[in-house]
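Visitor: give me coordinates for this.
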Amino acid sequence: MPVDSIEWIAPSLAFLALIVSLLSLWYTSLKGPDIVLCDEPKFSLRKTSRDIFDRFIPHELFSEAHLLFLNNGTVSGVLRLEAHFEPTIELMPFFDSANFSFMVDGTIHEATVPPISMREKESCMVVVRLSIEFVNWKKSFANEPVPKDEIRDVLCEADLKNKQRFHDFCAVLKPGMYIGRVNIESKQTVRSGLSGTKMTHKNLVSDLSIGVLDEELVRNFRFSATQWDTIDPNAILTELRAIHDEFGRMLLEPVEQNLKKLMRLNSLETDLFHAMKRKLEGYGNRRAIVEFIIRSSGLDSRLIEYDARTREWNRKFNLHQDDPLNKPLEEGLYKEMKPLEEESAAIAAEVMQVQNILRDCYLSNS
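Guide: The predicted structure follows:
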């Protein structure tokens with residue numbers, strides 16, 4: 001072999017050895033964390049039992065997928081996950097909300113996954129559970145405020161409006177259609193420079209269609225449409241009866257008590273508006289009806305002002321109790337007594353008028 005060929009081979013072998021050494025160094029020390037999703041997840045729709053449709057109309061569907069992650073890197077890494085759901089255009093008018101939960105090592109985390117630490121070459125299984133909520137078919141209520149003379153019509157027709165919405169929903173359903181799309185994003189550590197790491201965003205799953213409706217589920221929903229009048233009948237009207245009673249206990253009775261207390265120069269019931277709002281926490285559909293009523297009737301602003309006046313009355317009354325010989329303070333209370341009596345009587349009349357509207361509605365189908 002010629003000498004010049006030998007001289008050429010030697011540097012080439014040295015360069016090749018350098019490349020092998022660098023690659024070996026990268027994959028054993030310098031690569032850093034490299035957390036990857038092994039396969040595209042498959043979200044399966046949980047089967048809804050047929051007998052459920054005989055008792056009520058479900059407005060929530062559940063889907064689940066298993067995500068297997070592997071750290072192909074050379075050092076430990078950290079992973080966080082977030083997921084987002086968007087319904088199909090056809091189902092958007094009936095959609096209410098979507099909620100994700102993530103199970104890692106038997107622990108369930110709501111909405112987002114806290115940082116998961118993964119050692120090199122370690123795997124991690126994350127179970128993603130998705131709850132898709134449509135509007136409450138029987139009890140949903142959403143309406144902007146209307147003039148007082150239109151309150152009755154809106155309330156009395158609410159059940160019919162819900163019935164039509166559900167029939168429209170059933171008309172849209174087709175076997176084989178998807179419910180919506182899912183996006184899953186991660187925030188995870190990657191190599192930064194020769195020895196450092198940094199957090200970066202990755203789009204793991206983009207616009208993945210999920211929730212294939214089967215023929216049985218579509219058939220069950222359509223069966224419920226035929227049974228609408230027998231499954232929890234007149235649900236909104238039933239709510240109106242309960243709201244009628246709540247208005248009596250939480251608004252009318254305290255105001256009538258104030259009328260009696262004013263005659264004896266006593267402290268007054270106050271904070272009626274916020275007490276009503278606190279009472280309705282956790283009752284989303286009933287709260288929507290009450291807010292519609294008090295805003296349409298003007299009771300909201302009237303009660304807020306009334307609560308301010310009764311709080312001020314109580315402040316002055318307590319001062320008078322501490323200093324009963326303070327004549328200017330006593331005269332101020334007597335001066336305010338008449339206007340407060342008039343406002344209390346006016347609010348009582350307004351509440352009774354609202355109660356009459358509610359009574360007319362829930363008795364209309366009795």
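Visitor: can I get stretch 207-214 as CSV, trimmed to CA atoms?
Guide: Coordinates of each C-alpha in stretch 207-214 appear next as CSV, following Å, rounded to 0.1, in the frame of the first residue of the first chain:
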residue,chain,number,x,y,z
ASP,A,207,-56.5,18.2,17.7
LEU,A,208,-57.0,14.5,18.5
SER,A,209,-60.6,13.6,17.7
ILE,A,210,-62.2,11.7,20.6
GLY,A,211,-65.5,10.2,21.8
VAL,A,212,-66.9,8.3,19.0
LEU,A,213,-70.7,8.0,19.5
ASP,A,214,-72.0,4.5,19.0
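Visitor: ranges for the strands of the stretch 151-300 of the chain?
Guide: 180-192, 196-210 (DSSP state E, counting those that start in this stretch).
Visitor: for residue 100, find the nearest of those strands.
Guide: strand 180-192 (8.9 Å; Cβ to Cβ). All C-beta atoms are positioned from the backbone trio N, CA, C, and that covers glycine.
Visitor: strand partners of the closest one, parallel vs antiparallel please.
Guide: strand 77-87 (antiparallel), strand 196-210 (antiparallel) (DSSP bridges).
Visitor: re the thing from before, so which of the strands of the stretch 151-300 of the chain comes closest to residue 285?
Guide: Of all the strands of the stretch 151-300 of the chain, strand 180-192 comes closest under Cβ to Cβ, at 23.2 Å.
Visitor: can you point out the buried residues in that closest one?
Guide: 180, 181, 182, 184, 186, 187, 188, 189, 190, 191 (16 or more other Cβ atoms under 10 Å).
Visitor: can I get the residues you listed in a markdown table including distance to residue 202?
Guide: Listed next are the buried residues of strand 180-192 as a markdown table, based on distance: Cβ to Cβ, whole Å:
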| residue | distance to residue 202 |
| --- | --- |
| 180 | 22 |
| 181 | 18 |
| 182 | 15 |
| 184 | 9 |
| 186 | 5 |
| 187 | 8 |
| 188 | 6 |
| 189 | 11 |
| 190 | 9 |
| 191 | 14 |
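Visitor: and of those, the nearest to residue 93?
Guide: Nearest member of those to residue 93, counting by Cβ to Cβ, is residue 180, at 13.2 Å.
Visitor: give me the below-cutoff pLDDT ranges for the stretch 1-150 of the chain.
Guide: 1-32 (pLDDT under 70).
Visitor: wait, the stretch 251-366 of the chain
Guide: Checking the stretch 251-366 of the chain against pLDDT under 70 turns up 366.
Visitor: now render the strands of the stretch 151-300 of the chain as a markdown table, adding mean pLDDT.
Guide: Shown next, in a markdown table, are those (pLDDT from 0 to 100):
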| stretch | mean pLDDT |
| --- | --- |
| strand 180-192 | 85 |
| strand 196-210 | 85 |
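Visitor: quick check: end-to-end length of stretch 111-125?
Guide: 17 Å (Cα to Cα, to the nearest Å).
Visitor: got a list of what residue 76 touches?
Guide: 33, 117, 118, 119, 120 (Cβ atoms under 8 Å, 6 or more residues apart in numbering).
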